[in-house]
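1. when you get a sec, could you give me coordinates for this:
(chains A and B)
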Protein chains: 2
Amino acid sequence: MTLSTPGPTLGVVGGGQLGRMLAEAAAPLGVDLVVTDPTDGCPAEPVASDALVGDFDDVSTIHTLAQRADVLTYEIELTDPDVLEQVAEETGTPVHPAPETLRLIQDKLVQKRRLSEAGVPVPAFRAVDSEDDLREAGEKLGYPLMLKARKGGYDGRGNVPVASADDVAAALDSINGPAMAEEMIDFERELAVMGCRGSDERDTFPVTETIHREEILRESVSPARASDAVEERARDVALDVLDSMSGRGVFGIELFETSDGEILLNEIAPRPHNSGHWTIQGCHTSQFEQHVRAVTGRSLGTTDRRAPTVSANILGDVEKRQRATLSGEDAVFETPRAHLHWYGKRDVYELRKMGHITLVGEDESTAELLGDVRALRDTLTFE
Amino acid sequence: MTLSTPGPTLGVVGGGQLGRMLAEAAAPLGVDLVVTDPTDGCPAEPVASDALVGDFDDVSTIHTLAQRADVLTYEIELTDPDVLEQVAEETGTPVHPAPETLRLIQDKLVQKRRLSEAGVPVPAFRAVDSEDDLREAGEKLGYPLMLKARKGGYDGRGNVPVASADDVAAALDSINGPAMAEEMIDFERELAVMGCRGSDERDTFPVTETIHREEILRESVSPARASDAVEERARDVALDVLDSMSGRGVFGIELFETSDGEILLNEIAPRPHNSGHWTIQGCHTSQFEQHVRAVTGRSLGTTDRRAPTVSANILGDVEKRQRATLSGEDAVFETPRAHLHWYGKRDVYELRKMGHITLVGEDESTAELLGDVRALRDTLTFE
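-> Okay, here's the model as predicted:
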């Protein structure tokens, strides 16, 4: 390949924080980013070459994006794979990862079926289209179980724990659409592996421990506090997942480590993922640079970890949507090896992801690092 | 301080590669960058919030920039300190580093006098306004000596070696303006220290060895292959230089290490500098992030080095100005721990700085690292 200016243009459906961090990573490689987002003044806008305003599934906007781009990708699953396929056909602009992979991942039931058939270990699950289905699932899988909307879930939305047969009707009501039931995993810890498919190679980043509360990621810890055998198994499962996908790009692969050290696949995101933000400072190649390399047809970078690294999300701590003003962040700037990443969102609301802090380790244990980043995060407030 | 969106806007006079790398570093901190540059489509444009087109000393453009910005800085010395001072007064927007510092640095004779008075060791020098002055300088300082234009020099332009009294007339002709003569230093090696002045603190990055050819920086090596005592002395001189400056921001401080281990100041740049590009991957805080922190009034970040790191400039290797197409860069993408930084310039000409490669070390000696990055750089060509 060659490098020139203007370089290849990467069209990204979605201009949130993932688009913003993709743009930051793309510039040194000579790749221009153009994004589309429904919000004028989206997070990626200040660092992207251009930001088009349009819905994630709006054919006309995505068609315009594809005409301006050498390759299309997406940083949000809410885009429509049919639209991407149609636009790719009309314009000749390739889409990575492949729209069929997005389609597969969007339907959690189809995703689990396909991966299970491919030999990837998954929690026991069943399709649920009626109260009878859900009651039968309760009998087979046991209570409590997890009821999941097949489509559209995000940050725990669309996931409803079902404690007993008495809750069946209410749970189905709140999902209000096609669903699946999954056994509730009594996990030892949650893990995530960022994987990447390149032109003719695939690789994984080091295994990361992820800590959720209210089903929203709070902290990521790498290395995970898991045994070498568990890490090895997690990596193997991630590679099997990558082999079941098509097209190029980065995938966020969320896993359970069960109490007996088994690995089960939880969910997949066909894009850079919150659990990989620590790679910006923690690895020689970040997940964002890796995604840009992959989708533009470059070689993948080394995924080696440079140092133990943790990150903590900065989430909205206010009840009502309001203009965002974060205070307390001086402590982050004053802490050696702490890095602030602000997403550029104007408004804050409860649990909205507004930024993250990464803390790079030296001689501390990962438990100490985690304690330190939590303490820093807890100095911040939007109130 | 607090963080919100839109965050503080940093107005930057100059939109070349330094402006581009400032923008890449500013976004995670929530700082928006607006640049002014004479060139439409300047390197910083794709990653800046906005790029105004105007000359570096155009009052009206810089006035507009200042009105949009919370703080002004510059990434090129060619801007006019009087204009900056006037605009700061008219708009109330502070300028960092202070215009008086820029004025001091722009005139190499004034710069050397002031630093010499402040106790900073400098090569012997004399003002040169006539052939007689230059002949007298030759007698006092010895031949060969270096004749330097007092103003406007850049990448060796404006520096003329004078071999003997016979060359006096020709040398003065080629400078064509106020000049100074400096003893020619028979240096052991050249060193550079990136320093930074914050609100009420100052700090230096690790000492870097710089390798020039035809007075243009080719490679930077950190740690420098110098003794601990020399590094310590270089750091002390750099701190003395910082104390002679005013305003906040990063300074590139170029030094000679003489054959007997003394340190002499060569030149100062009141901005991020080519010899500090390795800090992007090599240090916990890059020189660009440090500059953004300093001029926006944030605490300085730690300047600790993460690993031995070298970088090599990608320079134009064509005789005539032409559209730039670099080939051979696949080797950079395929080398673990090698990082490409493309500056986004459309045209290439002989010795134009088009990008750089950084190579982060693991167990290699710095000599090996330097050999490796040179080999990589030598695979690249615009021909």
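2. just give me the neighbour total for the closest residue to A:K320 other than its chain neighbours.
-> Closest residue in space to A:K320, ignoring its immediate chain neighbours: A:Y349 at 7.1 Å, by C-beta to C-beta, 6 or more residues apart in numbering or on different chains. Every C-beta, even on glycine, is put in place using the N, C-alpha and C of the backbone. A:Y349 has 16 neighbours, counted by other C-beta atoms under 10 Å in any protein chain shown.
3. repeat for A:A165
-> By other C-beta under 10 Å, 13 other residues sit near A:A165.
4. residues touching it, list them.
-> With contacts defined as C-beta atoms under 8 Å, 6 or more residues apart in numbering or on different chains, A:A165 is in contact with A:135, A:138, A:143.
5. neighbour-wise, which one of these leads?
-> That'd be A:G138 among those, by other C-beta under 10 Å, with 21 neighbours.
6. so which bits of the stretch 151-300 of chain A are right by chain B?
-> Neighbours of chain B within the stretch 151-300 of chain A, by C-beta under 8 Å from any C-beta of the partner chain: A:281, A:284, A:293, A:298-299.
7. do that again at 7 Å, thanks
-> Residues of the stretch 151-300 of chain A found near chain B (C-beta under 7 Å from any C-beta of the partner chain) are A:284, A:293, A:298-299.
8. what about the helix or strand harbouring A:E139, average pLDDT?
-> A:E139 belongs to helix A:131-141 when assigned by DSSP states H and E. Averaged across helix A:131-141, pLDDT comes to 95.
9. show me how far the helix or strand just after that helix is from its chain's centre.
-> In the C-terminal direction, the helix or strand that comes right after helix A:131-141 (DSSP H and E) is strand A:145-149. Computed by C-alpha atoms, centre = their mean, to the nearest Å, the chain-centroid distance of strand A:145-149 equals 20 Å.
10. what residues does strand A:145-149 touch?
-> Residues from elsewhere that reach strand A:145-149, judged by C-beta atoms under 7 Å, 6 or more residues apart in numbering or on different chains: A:108, A:128, A:134, A:137-138, A:158-162, A:171, A:175, A:177, A:179-184.
11. how about stretch A:330-338?
-> Applying C-beta under 7 Å, 6+ apart, the set of residues contacting stretch A:330-338 from outside is A:340, A:357, A:359-360, A:362, A:376, A:379, B:1, B:284, B:293, B:298-299, B:302.
12. from these, pick the one nearest B:D317.
-> Distance ranking of the contacts of stretch A:330-338 against B:D317, using C-beta to C-beta, places B:H284 first at 34.1 Å.
13. for B:V31, see how far away that closest one is.
-> Distance, B:H284 to B:V31, by C-beta to C-beta, to the nearest Å: 18 Å.
14. more neighbours: the two, which one.
-> It is B:V31, of B:H284 and B:V31, that has more neighbours when counted by other C-beta under 10 Å, with 27 against 20.
15. burial count for the closest residue to chain B within the stretch 1-150 of chain A?
-> For the stretch 1-150 of chain A and chain B, the shortest gap (C-beta to the nearest C-beta) falls at A:G30, measuring 3.5 Å. Using other C-beta under 10 Å, A:G30 has 22 other residues around it.
16. doesn't A:L3 make contact with it?
-> Yes. The pair A:G30 / A:L3 is scored as a contact, 5.1 Å apart, by C-beta atoms under 7 Å.
17. hey, what's in contact with both of those two?
-> Residues touching both A:G30 and A:L3 by C-beta under 7 Å, 6+ apart: B:W342.
18. list the contacts of A:S299.
-> A:S299 sits next to A:198, A:293, B:330, B:333-334 when contact means C-beta under 7 Å, 6+ apart.
19. could I get the full set of helices for the stretch 151-300 of chain A?
-> In the stretch 151-300 of chain A, the helices defined using DSSP state H, counting those that start in this stretch lie at A:168-175, A:228-243, A:279-282, A:287-295.
20. tell me the most buried of the ones you listed?
-> Counting by mean count of other C-beta atoms under 10 Å in any protein chain shown, helix A:287-295 has the highest mean neighbour count of the helices of the stretch 151-300 of chain A, with a mean of 28.
21. isn't A:R197 up against A:M245?
-> Yes. In this structure, A:R197 is within contact of A:M245 by C-beta under 7 Å, at 6.3 Å.
22. can you list contacts of stretch A:41-56?
-> With contacts defined as C-beta under 7 Å, 6+ apart, stretch A:41-56 is touched by A:13-17, A:19-20, A:23-24, A:32-38, A:40, A:61, A:64-65, A:76, A:78-79, A:343-346, B:23, B:27, B:32, B:46-47, B:49.
23. show me these that map onto helices.
-> Using DSSP state H, the subset of the contacts of stretch A:41-56 located in helices is A:17, A:19-20, A:23-24, A:61, A:64-65, B:23.
24. which two from the residues of the stretch 151-300 of chain A next to chain B end up farthest apart in space?
-> A:H284 and A:R298 (14.7 Å).
25. quick one, domains of chain A?
-> Residue ranges for the domains of chain A, per automatic domain parsing: A:9-95, A:124-183, A:187-377.
26. circling back to that earlier point, among the contacts of strand A:145-149, which are in strands?
-> Taking DSSP state E, the ones among these that sit in strands are A:128, A:159-162, A:179-183.
27. what are the ranges of the strands in the stretch 201-350 of chain A?
-> Along the stretch 201-350 of chain A, counting by DSSP state E, counting those that start in this stretch, strands occupy A:202-204, A:208-213, A:216-222, A:249-258, A:263-269, A:309-315, A:322-323, A:325-327, A:338-342, A:347-348.
28. measure how the longest one sits relative to helix A:228-243, angle-wise.
-> Looking back up the chat, that one is strand A:249-258. Per axes from the mean of the first three to the mean of the last three C-alpha atoms, to 10 degrees, the angle that strand A:249-258 makes with helix A:228-243 is 140 degrees.
29. so what's A:I175 closest to, chain neighbours aside?
-> A:A149 is the one closest to A:I175 (C-beta to C-beta, 6+ apart), at 4.9 Å.
30. bridging residues for that neighbour?
-> A:A179 (DSSP bridges).
31. show me the contacts for the residue most central in space within chain A.
-> With distances taken as C-alpha atoms, centre = their mean, the residue of chain A nearest its centroid is A:H273 (2.7 Å). For A:H273, the contact set (C-beta under 7 Å, 6+ apart) comprises A:192, A:194, A:252.
32. now A:G11: phi and psi?
-> Main-chain dihedrals, A:G11, degrees, to the nearest 10: phi -90, psi 130.
33. count of residues packed around A:T379?
-> Neighbours of A:T379 (other C-beta under 10 Å): 14.
34. equivalent analysis for A:S327, please.
-> Number of residues near A:S327 (other C-beta under 10 Å) recorded here: 14.
35. the one 3 residues further on now?
-> A:D330 has 14 neighbours, counted by other C-beta under 10 Å.
36. and it, how far from A:R323?
-> 20 Å.
37. same thing with A:D378?
-> Separation of A:D378 from A:R323 (C-beta to C-beta): 22 Å.
38. again with A:L217
-> For A:L217, the distance to A:R323 - C-beta to C-beta - is 25 Å.
39. comparing the two, which residue is more hemmed in?
-> Legend: neighbour count by other C-beta under 10 Å for A:L217 and A:R323, higher for A:L217 (24 against 10).
40. many thanks, have a good one.
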